[in-house]
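Colleague: have a look; sequence and predicted model below, questions after that.
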Amino acid sequence: MERQRLDKWLWHARVVKARASAAALVEAGYVRINGVREKAPGHSVKLGDVLTIGLDRSVRILKVVGFSERRGDAAAARVLYDDLQNGKP
């Protein structure tokens with residue numbers, strides 16, 4: 001898999017609890033891909049994209065490093081991204 005829908009990736013990476021919440025987050029303009037605001041939940045993300053997500057009065061900066069066919073536990077979700085805020089590459 002080279003690409004995945006933005007809302008699906010956010011849900012698989014456990015950024016949000018439900019896919020509908022991911023779609024609402026994107027439509028509200030709280031997600032940027034490589035610095036560009038994205039409002040389409042169906043927009044594709046690819047490996048290496050950097051997502052800036054405004055969430056619960058904080059901002060998360062995540063680099064896409066993997067995809068998943070289904071939503072797994074927290075450990076499985078953690079391998080889908082690098083958290084760029086905590087000094088990890």
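Modeller: Great, that's in hand.
Colleague: need the strands for the chain, in chain order.
Modeller: Using DSSP state E, the strands of the chain run over 3-5, 31-33, 36-37, 44-46, 50-55, 58-64, 81-83.
Colleague: quick check, central residue of this protein?
Modeller: Centroid-nearest residue in the chain: Leu10, 3.7 Å away (criterion: CA atoms, centre = their mean).
Colleague: residues near Ile53, how many?
Modeller: Neighbour count of Ile53, defined by other CB atoms under 10 Å: 20. From N, CA and C alone the C-beta is placed, and that goes for glycine too.
Colleague: how about the one 3 residues further on?
Modeller: In terms of burial, Asp56 registers 7 neighbours under the definition other CB under 10 Å.
Colleague: contacts only, for it.
Modeller: Asp56 makes no contacts at all, as judged by CB atoms under 8 Å, 6 or more residues apart in numbering.
Colleague: what distance do you get for it to Pro41?
Modeller: Asp56 is 19 Å from Pro41, where distance means CB to CB, to the nearest Å.
Colleague: roughly how far does Ala13 sit from Ser44?
Modeller: 15 Å.
Colleague: swap that for Gly54, please
Modeller: Counting by CB to CB, the gap from Gly54 to Ser44 is 21 Å.
Colleague: got the CA coordinates for stretch 2-12 in CSV?
Modeller: These are the backbone C-alpha positions of stretch 2-12, laid out as CSV (Å, rounded to 0.1, in the frame of the first residue of the first chain):
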residue,chain,number,x,y,z
GLU,A,2,1.4,3.3,-1.1
ARG,A,3,-1.4,5.7,0.0
GLN,A,4,-4.4,5.7,2.3
ARG,A,5,-7.3,8.0,2.9
LEU,A,6,-6.5,10.7,5.5
ASP,A,7,-9.5,9.9,7.7
LYS,A,8,-8.8,6.2,7.7
TRP,A,9,-5.1,6.8,8.5
LEU,A,10,-5.9,9.1,11.4
TRP,A,11,-8.3,6.4,12.8
HIS,A,12,-5.8,3.5,12.3
